[in-house]
Each structure stands twice: as C-alpha cells, then as structure tokens.
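A.B. asks: Quick one: sequence plus predicted model below, questions after.
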Amino acid sequence: MKPTLLSIIFVLTSSLLAQNSDTVMVGNMYFQPNQLTIEVGDQVTFILVDGTHDVNFEINSLFFEPFYNPTQIESLPMQSTPGLMGVITFDVAGLYNYDCTGDFHASMGMYGQINVTEPADCLDDDQSMSNIFTGGVSISSCTEAIDYLMQNYSWTAAQSCLWEGGPTFDGMSLADYCECSCANNNLTISEINLSNQFDYYLYSIDLLGRKVESPRKNQIIYDVYFSGKVMQRFVVE
C-alpha cells in the first residue's frame with residue numbers, strides 16, 4: 001500500500017519548515033539509514049515501508065534499561081499501515097539511541113542512532129572554488145583546493161590556507177573563503193617563527209594558478225614564497 005497523498009504533503013511541509021530534514025525508512029528488521037548525523041534544530045521523518053513497527057526512544061528492548069538519551073524524545077507508536085509514522089525535531093545535542101519494541105525485532109537489527117551536533121560556527125565557500133581555480137582544473141570544494149595546492153606546490157595545509165591567490169582573491173587568503181577547512185590547519189608557533197626567519201622564493205604562477213618556468217614579456221605573474229606570501233610582478237623583458 002502506498003503512502004496517502006495527505007502523508008506525502010505533510011512530509012514535504014515538515015521538510016520545508018525544518019532547518020534540515022532527513023528521512024529514515026522503517027521496514028522488516030531495518031531502519032534505513034540506521035545511523036545519522038544531524039545538527040541541533042534538524043528534523044528526522046520516519047516512513048513505514050512494510051511490517052508492523054514502532055520507533056522507541058525510551059527503554060532498550062534488548063537490555064530492558066533506559067536509553068538515557070540527552071533529552072526525552074516522544075516515541076512513535078506501533079504502526080502497520082505504510083506511510084508517515086511521524087516527524088521528530090532534535091533540539092538538544094548528543095547521541096540518541098532507539099529501536100523497535102516488536103518481538104525480537106531489536107535483536108534482529110532494528111535499532112539506530114542519531115548523533116545531534118551543534119551547528120558549525122564557520123563556513124566554507126565551496127561555490128567560489130570553481131571560479132577561482134580555472135584553466136582546466138576541476139575543483140569544486142575547499143578540501144579539493146587545499147589538496148591541489150599541497151600536491152602541486154609541495155605546501156603544507158597551513159601554507160595552502162595562507163595562499164592569497166592573486167587578483168581573484170581581492171586581497172584575501174584561501175582561509176577567508178575556507179573557514180572550516182582551514183580552522184584545523186593553522187600554522188603552529190614554530191611554523192610561524194620558521195616562516196618569518198627563513199622566508200624565501202619558491203616559484204612563480206600565472207593568472208590561472210599555473211607554474212611559470214619562463215615568464216613572457218608583458219606578462220603578469222605572482223612570485224610565491226615559503227611563508228605563503230605572494231607578490232605580483234609585471235615582466236618587462
């Protein structure tokens with residue numbers, strides 16, 4: 001039996017109102033997916049596919065002890081009609097466990113976990129990466145950008161985050177675009193001291209970020225230094 005039109009409309013409406021929405025399919029001896037990681041304020045929609053099942057957040061059906069979830073979550077009652085079982089909003093961070101209380105269902109795999117995390121206080125501007133890295137280079141995320149600089153220029157992750165990127169960066173560094181990816185790649189104190197004392201020229205790149213072996217006359221290039229500093233230069237001869 002297919003979900004009713006009313007159920008589908010309800011699910012879609014709930015998804016639109018939520019900060020983010022995930023769906024767990026409930027069937028004979030499974031929750032799919034049985035592990036989720038979401039953020040505080042997100043919603044999880046449970047849809048019954050077949051069988052007779054519930055979604056129990058209270059007493060562990062295997063050990064008959066409380067789940068001790070971070071906060072009380074109202075369980076979804078036993079249901080046999082396929083369709084929407086319910087939508088739960090998670091407002092408190094922590095690890096939530098649940099199972100099905102049907103006869104031996106939990107012992108046959110009907111249990112799940114939802115990890116609710118605090119929203120990140122940083123932002124990666126992945127969309128800008130494809131505009132910054134052009135010239136045949138396929139890069140669509142901050143992680144790919146950092147990996148590319150590390151592999152092609154033998155930089156550390158911290159040095160890659162300090163890259164100023166020429167005119168396309170408007171005076172900013174890669175770290176300004178990739179706050180989350182660069183958050184754990186900051187230079188250590190020893191690396192900063194080493195960069196300040198022993199800064200030296202590494203190589204030159206053109207406007208597209210390609211290494212330049214033999215600069216051409218009237219070409220704009222960027223000299224890259226060990227510290228991550230980039231200096232613009234106009235070749236006159």
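C.D. replies: Yep, that arrived.

A.B. asks: any idea which helix or strand carries residue 24?
C.D. replies: Using DSSP states H and E, residue 24 sits in strand 21-27.

A.B. asks: how about the CA coordinates for that strand, as CSV?
C.D. replies: This file holds the C-alpha atoms of strand 21-27, laid out as CSV (Å, rounded to 0.1, in the frame of the first residue of the first chain):
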residue,chain,number,x,y,z
SER,A,21,15.4,17.3,7.2
ASP,A,22,16.4,13.6,6.9
THR,A,23,14.3,10.6,6.3
VAL,A,24,14.5,7.1,7.9
MET,A,25,12.7,4.3,6.2
VAL,A,26,11.3,1.6,8.5
GLY,A,27,10.8,-1.9,7.2
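
A.B. asks: how distant is that strand from the center of its chain?
C.D. replies: Relative to its chain's centre, strand 21-27 lies at 20 Å (CA atoms, centre = their mean, to the nearest Å).

A.B. asks: next one: stretch 95-114
C.D. replies: How far stretch 95-114 lies from its chain's middle: 27 Å, per CA atoms, centre = their mean.

A.B. asks: outside of that stretch, which residues touch it?
C.D. replies: If you take CB atoms under 8 Å, 6 or more residues apart in numbering as the criterion, stretch 95-114 is touched by 24, 26, 29-31, 33-38, 44, 51-57, 60-62, 67, 69-70, 73, 75, 78, 90, 115-116. Just so you know, the C-beta spots here come from the backbone N, C-alpha and C atoms, and that holds for glycine as well.

A.B. asks: again, only this time at 6 Å
C.D. replies: Here stretch 95-114 makes contact (CB atoms under 6 Å, 6 or more residues apart in numbering) with 29, 31, 34-36, 53-57, 61-62, 67, 69, 115.

A.B. asks: gap between the closest residue to residue 40 other than its chain neighbours and residue 45?
C.D. replies: The shortest distance from residue 40 to any non-neighbouring residue, by CB to CB, 6 or more residues apart in numbering, is to residue 93 (5.4 Å). Counting by CB to CB, to the nearest Å, the gap from residue 93 to residue 45 is 20 Å.

A.B. asks: do residue 85 as well
C.D. replies: 8 Å.

A.B. asks: continuing past the worst-scoring helix or strand of the chain on mean pLDDT, what's the next helix or strand?
C.D. replies: In the chain, the helix or strand scored least confidently by mean pLDDT, DSSP states H and E is helix 189-197, which has a mean of 41. Reading on from helix 189-197 to the C-terminus, the next helix or strand found by DSSP H and E is strand 201-205.
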